[in-house]
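predicted structure and sequence below. I'll ask about it afterward.
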Amino acid sequence: YAALSYVWGEAQPHSTSKAKLDAYTNSIDISIIPRTIREAIEVTHKLGLRYLWVDSFCIIQDSREDKTRELVQLRRIFHDAHLTIVAACAPSASAGFLHDRPPPAPSPKSPRLPYWCADGRLGTVTAEPFVKSYEWDREPINKRAWCLEERLMSPRKLVYASDTLQYHCQTGTTAMGGAVVRAQVAERLQNVAFMPDAEVLPHVERWNVGRWKLFSGEWADVVHNYTRRAVTKPKDKLTALAGVAEQFHGVLRHAGDVGVVARTRNRYLAGLWEPTLVNDLLWQRTDEVPLSARPSQYYLGPTWSWASVDGPVSLLAAYDVRLHPYRLIESKNIRSAKVVSCEVTLEDERLPHGRVKSGLLRLQT
């Protein structure tokens, strides 16, 4: 099966509900399906696949129980798909993505030369003094928080960008037609994050301290990328990244087993990791957008967690290598705060990396 990653961008009145479930199980009138989803069905058929997973139809939208059940397995849905169709250029479900792409606007002073196309038509070629990079951050899909998890969980992606069609996998990025594409920051996870649990420990036993620091740094990249995006329902802030956190947790839980950090419970604490908690507490809200106060009308997370604030966050802005457990220097002369205890209360125990109701941190200086 294929999975679809796309921007809703508007209400979807024909999505699956309890009242429509029986009728939809029998058939769905193609005319009520939004254009982006219809075109994803077309792509699925042309790829020779029979099934397509789409959240608005495959999740009962007014059933809290069904939503939770699907959220628990969301990372596996995208991970196990043959590939994910990414409607990157579509600002809404009704916009679609199978349309002709306009040629990139040339620089005013760039010379234009005649060129005979393969189909016999006379076209033009613009000579540019430098290569223009693909501006991935302008795509509508890269402004949405949920879509980052869908992208990172998918080993294979067919990306319908604004200027070209791209294929992304774990080993590279290819633009159809030879267009220039710049790989995104934090666009893919290391292969170890997708290994079965039984294979992770034998793999990471060969890692040196530098490899552990690199893997930990990738989490910081993900958090920065994620917090730059918008969440339609602010309370979903931790939940929309839960699948990615679970993938990282599958690796980081073995840091104590191989001796690079002290043995702890290796818990995930509202967006922070227990083995690196002292350093993770140094997160900062960046100035990419104007600063704002913490939301008072709803609870996002404990104040010591980056999840408690809106806007872009950096885990590395105040990074101090002396505090990091994967450090390469001696720690006997370093004095820092000591974590006495740290507890979080989950809203739903089935989502250990999701929304929390409260958190309590005690430090000793």
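Yes, it's here. Residues are numbered from 1 along each chain as shown.

hmm, who's touching stretch 219-227?
Contact with stretch 219-227 is made by 145, 148, 152, 185-186, 240-241, 244, 248, 271, 273, 283, 286, 306, 311-316, as judged by C-beta atoms under 8 Å, 6 or more residues apart in numbering. Any C-beta I mention is one placed from the backbone N, CA and C, and that applies to glycine too.

now those residues: which count as buried?
Applying 16 or more other C-beta atoms under 10 Å to these, the neighbour count classes 145, 148, 152, 186, 240-241, 244, 248, 271, 273, 283, 306, 312-315 as buried.

out of those, which sit inside strands?
Counted as lying in strands by DSSP state E, out of the buried ones among the contacts of stretch 219-227, are W273, V313, S314.

surely the second one touches D287?
No. Using C-beta atoms under 8 Å, V313 is not in contact with D287; the gap is 11.5 Å.

how close does S5 sit to T303?
32 Å (C-beta to C-beta, to the nearest Å).

and if you look at E349?
With the distance defined as C-beta to C-beta, E349 ends up 23 Å from T303.

quick one: which helix or strand includes A23?
Using DSSP states H and E, A23 maps to helix 21-26.

quick one: buried residues of that helix?
Y24.

quick check: longest helix in the protein by residues?
Secondary structure of the chain per DSSP state H: the longest helix is helix 209-227.

list the buried residues in that helix.
Buried residues in helix 209-227 (16+ other C-beta under 10 Å): 212-213, 215-216, 218-220, 222-227.

lowest-confidence entry in those residues?
Within these, K213 has the lowest pLDDT, namely 80.

which of the ones in strands among the buried ones among the contacts of stretch 219-227 lies closest to I28?
Lowest distance from I28 to these (C-beta to C-beta) belongs to V313, with 40.3 Å.

my read: L281 touches L272, true?
Yes. Counting by C-beta under 8 Å, L272 is a contact partner of L281 at 7.2 Å.

list the ones among the contacts of stretch 219-227 that fall in helices.
A145, L148, L152, V244, F248.

gap between F194 and E149?
14 Å.

name the residue in the two with the higher neighbour count.
Between F194 and E149, counted using other C-beta atoms under 10 Å, the more crowded position is E149 (24 against 16).

so what's the more buried one up against?
By C-beta under 8 Å, 6+ apart, the neighbours of E149 are L74, R75, F78, A240, L241, A242, G243, V244.

out of the residues you listed, the closest to W136 would be?
Nearest to W136 among the contacts of E149: V244, at 17.9 Å, using C-beta to C-beta.

my guess is the closest one contacts M153. True?
Yes. The criterion here is C-beta under 8 Å, and V244 meets it with M153 at 7.1 Å.

sketch out the low-pLDDT regions of the chain for me.
Low-confidence segments of the chain, defined by pLDDT under 70, span residues 104, 129-133, 178-186, 256-264, 317-335.

and the residue nearest the centre of it?
Residue closest to the average C-alpha location in the chain (C-alpha atoms, centre = their mean): L148, at 2.3 Å.

with adjacent residues omitted, what lies nearest to that one?
Y226 (5.3 Å; C-beta to C-beta, 6 or more residues apart in numbering).

K20 versus the one you found, what's the distance?
According to C-beta to C-beta, Y226 and K20 sit 32 Å apart.

that older thread, could you dump the buried residues of helix 209-227 to CSV with distance to H254?
Formatted as CSV, those follow (distance: C-beta to C-beta, whole Å):
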residue, distance to H254
W212, 10
K213, 15
F215, 11
S216, 13
E218, 16
W219, 15
A220, 19
V222, 19
V223, 21
H224, 25
N225, 25
Y226, 24
T227, 27
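
show me where this protein has its helices.
For the chain, the helices defined by DSSP H cover 21-26, 35-46, 55-58, 64-72, 74-80, 145-153, 197-204, 209-227, 242-252, 277-280.

mind listing what's buried in the fifth one?
Neighbour counts using 16+ other C-beta under 10 Å place L74, R75, I77, F78, H79 of helix 74-80 among the buried residues.

over to the fourth one?
By neighbour count, and taking 16+ other C-beta under 10 Å as the criterion, the buried residues in helix 64-72 are D66, E70, L71, V72.

how about these in JSON lines, adding distance to M176?
Below are the buried residues of helix 64-72 laid out as JSON lines (distance: C-beta to C-beta, whole Å):
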{"residue": "D66", "distance to M176": "37"}
{"residue": "E70", "distance to M176": "32"}
{"residue": "L71", "distance to M176": "33"}
{"residue": "V72", "distance to M176": "35"}
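
among those residues, which two are most distant?
Greatest spatial distance in those: D66 and V72, 10.9 Å, computed using C-beta to C-beta.

show me where the stretch 51-200 of the chain has its strands.
52-53, 83-86, 112-116, 122-126, 157-160, 165-169, 172-175 (DSSP state E, counting those that start in this stretch).

leaving out the residues flanking it, which one is nearest to A270?
Leaving aside its chain neighbours, A270 sits nearest to S305 (4.1 Å; criterion: C-beta to C-beta, 6+ apart).

residues near the one you found, how many?
Using other C-beta under 10 Å, S305 is surrounded by 23 other residues.

likewise for the one 5 residues further on?
For D310, the count of nearby residues is 19 (other C-beta under 10 Å).

I'd say it and A230 touch.
No. Counting by C-beta under 8 Å, D310 does not reach A230; the two are 9.4 Å apart.

residues touching the closest residue to D197 other than its chain neighbours, list them.
Excluding the flanking residues, the one nearest D197 by C-beta to C-beta, 6+ apart is G250, at 6.3 Å. By C-beta under 8 Å, 6+ apart, G250 lies in contact with A193, M195, D197, V200.
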